[in-house]
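>>> A structural model of the following input is requested.
(2 chains)
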Amino acid sequence: MFRRLDAGTSAPRPVRITVDGQALDCREGDSVAAALFAGGIAACRDTAVSGAARGPFCMMGVCYDCLVGIDGRPNQQACMTRVRDGMAVERQIGAREVAV
Amino acid sequence: MSLDILSCDLLVVGAGPAGLAAATRAAGLGLATVLIDEQPAPGGQIYRAVSSTPVQARDILGADYWHGLGLLQPFFDSGAKHLASATVWSINRRDGDAGFEVAYSVATPGQDPQAALLHCRHIVLATGAQERPFPIPGWTLPGVITAGAAQILLKTSGVVPEGRTVLAGGGPLLYLLAWQYLNAGVRIEAILETAPPGQWRKALPFAWGFLRSPYLGKGLKLLRAVRAAVPIVQGVTSLEAIADATGQVGQLRYEAGGQGRTIAVDQLLLHQGVVPNTNLSRAIGAEHEWSERQDCWQPVVDAWGASSVPQLTIAGDGAGIAGAAAAEHRGRIAAVHAAAALGCIDSATRDREAAPHRAALTLATRGREFFEALYQAPPQFRRPVGDTIVCRCEEATAEQVRHAARLGCQGPNQLKAFLRCGMGPCQGRFCGLTVTELIADEQQRHPREVGYYRLRFPTKPVTLGEIASLPQTDHSRQSVVRFRK
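Sure thing, here's the model as predicted:
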């Protein structure tokens, strides 16, 4: 589990997103991946190959293990996307489907 | 439509210390300069979020981090254009001496990324470093992250682990993170040190440089503080992360001094050094070499950072790991070189301009051989066996790669056909080094002979929509309508 430091930190503006429909309070400047960690969520997707659970691993856009759906768009890198008020994050379970 | 294409003298890719210093200096010398970076704010990973971090108590992250602030204002004042949240995914040479055509995408909140083109006469790649792959059983479990990722969480959001936290591996970053956690009042259960006992003997021949380096005072103070506060297990020879009932990491099995132990963990932070991020330099066709000291690939560059590709200069850790302080000076040297290559200054001015940065670079890199030898990642953690996943994207295992190598697979490129290794979204960033080393291991060849993936553009996944949104150039228009002529 991860938590937010209190001592020695400023308090950036609060931001509220939803994760699978559940409200999650986070802070301006958080990446979606950081918000998930701070909200106690370490796993954000299942792999398309074996269905194994994965979570953010590198936090710098390299590993692609933090893929989530954001506002209806699948396969978004949670570590490379900043939170915004009202953002809807969906964890990705199973392989993506291509809209036809 | 070519009016849509941004045009400049110099494109700098990456806004870490090398890129910031290069862009600032180049703009100062009169070059029309554009700096492209994937993050919303400059700083790279080492100075990540330095202008926006919620961690305001300066002694938590330490003075070396706050040094990054000093790079920002000169950059903003320099006149260089900053394209933030922008990812370069294609670089192509234009006809003759016209330089390059670069495709990049800009992430816009709530919208699909927009692709765009840029024309430049010279490029400085400052793409920095990434974690060396540390493939142990269970390294893909949620709750296992890199030490670099943990440090980014701290810098960008002030988010830290709670519960039972173990750091495993070796190298300066592991101890720096431990020290920063101590400063922030974060409890660390243990550090599992993977450097073999006696490794210091290999480092000893380099001790003289280290003793005269700026690392000595800082490093010893930091190590002393960490050692006094955190139990350190020396000589760890094997590591295995094991899932709990929820599918996240719950236990860590390790072996040290011939004794096996299992401990409960809530998160495991892994680190065994960093390696150059070479995807762009590879895809553009620059020559690379195997570094014996650092067990990784690095582009072949001269003392100016010039690569084997004309008009392509590489600076900072992307040209070979030497650290943040060195990266800054290498960035300035690259900028001066680019200015001379573009005819903006003559070679005498170039040499005079570069001289102080060369002297500073020598100082900044003194002593590095010492801890390169001290923290060299042990072979068993670079060359895994059995069911350990090697390619995180396609979930190919060490034994599958080794089996393919025993069947006669010629190298990493043919391995793609066998196992799809390196063909997932990360495009080999987290398996490339391991794959080279495993094939080398099985076939008793040198990694240099085994080679690396042949990387191509786009170097990051892009959607067809992004490609379709590119402005039409004369070339693209002709290639489509040529048959009508």
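>>> Tell me where the longest strand sits in chain B.
For chain B, the longest strand by residue count, based on DSSP state E, is strand B:114-125.
>>> What strands line up against it, and which way round?
Applying DSSP bridges, strand B:114-125 is found paired with strand B:6-13 (parallel), strand B:100-106 (antiparallel), strand B:312-314 (parallel).
>>> Skipping adjacent residues, who's closest to the residue of chain B found nearest chain A in space?
Closest to chain A within chain B is B:Ala57: 2.8 Å, counting by C-beta to the nearest C-beta. Just so you know, the C-beta spots here come from the backbone N, C-alpha and C atoms, and that holds for glycine as well. Distances taken as C-beta to C-beta, 6 or more residues apart in numbering or on different chains place A:Gly8 nearest to B:Ala57, at 2.8 Å, with adjacent residues excluded.
>>> neighbours around the one you found, how many?
17 (other C-beta atoms under 10 Å in any protein chain shown).
>>> hang on, the earlier thing: my read: the residue of chain B closest to chain A touches A:Thr9, true?
Yes: between B:Ala57 and A:Thr9 there is a contact under C-beta atoms under 8 Å: 7.4 Å.
>>> if you count what's nearby, which of these two comes out ahead?
Shown here are B:Ala57 and A:Thr9; by other C-beta under 10 Å, A:Thr9 has more neighbours (18 against 13).
>>> Spit out the contact partners of that one.
B:Pro54, B:Val55, B:Gln56, B:Ala57, B:Gly158 (C-beta atoms under 8 Å, 6 or more residues apart in numbering or on different chains).
>>> Compare the residues you listed and tell me which has the most neighbours.
B:Gly158 (29 neighbours).
>>> Please work out how many residues are found near the closest residue in space to B:Ser7 that isn't next to it in sequence.
Leaving aside its sequence neighbours, B:Ser7 sits nearest to B:His119 (C-beta to C-beta, 6+ apart; 4.6 Å). By the criterion of other C-beta under 10 Å, B:His119 has 17 neighbours.
>>> got the residue ranges for the helices in the stretch 201-350 of chain B?
B:207-211, B:215-229, B:279-283, B:324-341, B:347-365 (DSSP state H, counting those that start in this stretch).
>>> likewise chain A?
Using DSSP state H, the helices of chain A run over A:32-38.
>>> hang on, the earlier thing: okay, the helices of the stretch 201-350 of chain B, which one's buried deepest?
helix B:324-341 (a mean of 27; mean count of other C-beta atoms under 10 Å in any protein chain shown).
>>> Next, the residue of chain B closest to chain A: phi, psi?
phi -70, psi 110 (degrees, to the nearest 10).
>>> again, but for the one 10 residues further on
In this entry, B:His67 is assigned phi and psi values of phi -50, psi -30 (degrees, to the nearest 10).
>>> In contact with it, which residues?
Contacts of B:His67 (C-beta under 8 Å, 6+ apart): B:Tyr47.
>>> Could you look up the SS state of B:Val390?
What DSSP: H, G, I helix; E, B strand; the rest coil gives for B:Val390 is strand.
>>> Bridged to the residue positioned nearest the centre of chain B, which residues?
Residue closest to the average C-alpha location in chain B (C-alpha atoms, centre = their mean): B:Ala129, at 1.5 Å. B:Ala129 has the following beta-bridge partners by DSSP bridges: B:Pro276.
>>> Might one say that it is in contact with B:Ala18?
No: judged on C-beta under 8 Å, B:Ala129 makes no contact with B:Ala18 at a distance of 10.5 Å.
>>> Overlap of the contact sets of those two?
Common neighbours of B:Ala129 and B:Ala18 (C-beta under 8 Å, 6+ apart) are B:Asp317, B:Gly318.
>>> What score does the residue of chain B closest to chain A have for pLDDT?
With respect to pLDDT, B:Ala57 scores 96.
>>> which of the residues in the worst-scoring helix or strand of chain A on mean pLDDT are buried?
The helix or strand of chain A with the poorest confidence is strand A:73-77; it has a mean of 93 (mean pLDDT, DSSP states H and E). Neighbour-count burial for strand A:73-77 flags A:Pro74, A:Gln76, A:Gln77 (criterion: 16 or more other C-beta atoms under 10 Å in any protein chain shown).
>>> That strand pairs with which strands, parallel or anti?
Under the rule (DSSP bridges), strand A:73-77 has strand A:67-70 (antiparallel) as partners.
>>> Buried ones in the partner strand, by neighbour count?
A:Leu67, A:Val68, A:Gly69, A:Ile70.
>>> swap in stretch B:228-239?
B:Val230, B:Ile232, B:Val233, B:Gly235, B:Val236, B:Leu239.
>>> Restricted to strands, list the residues you listed.
Using DSSP E, those in strands are B:Ile232, B:Val233, B:Val236, B:Leu239.
>>> helix/strand/coil for B:Ala18?
Classified using three-state DSSP, B:Ala18 is helix.
>>> Might you list the low-confidence residue ranges for chain A?
A:94-100 (pLDDT under 70).
>>> can you tell me the residue of it closest to chain B?
Counting by C-beta to the nearest C-beta, chain A gets nearest to chain B through A:Gly8 (2.8 Å).
>>> Report the contact partners of that residue.
B:Val55, B:Gln56, B:Ala57, B:Ile60, B:Ala184 are the contacts of A:Gly8 under C-beta under 8 Å, 6+ apart.
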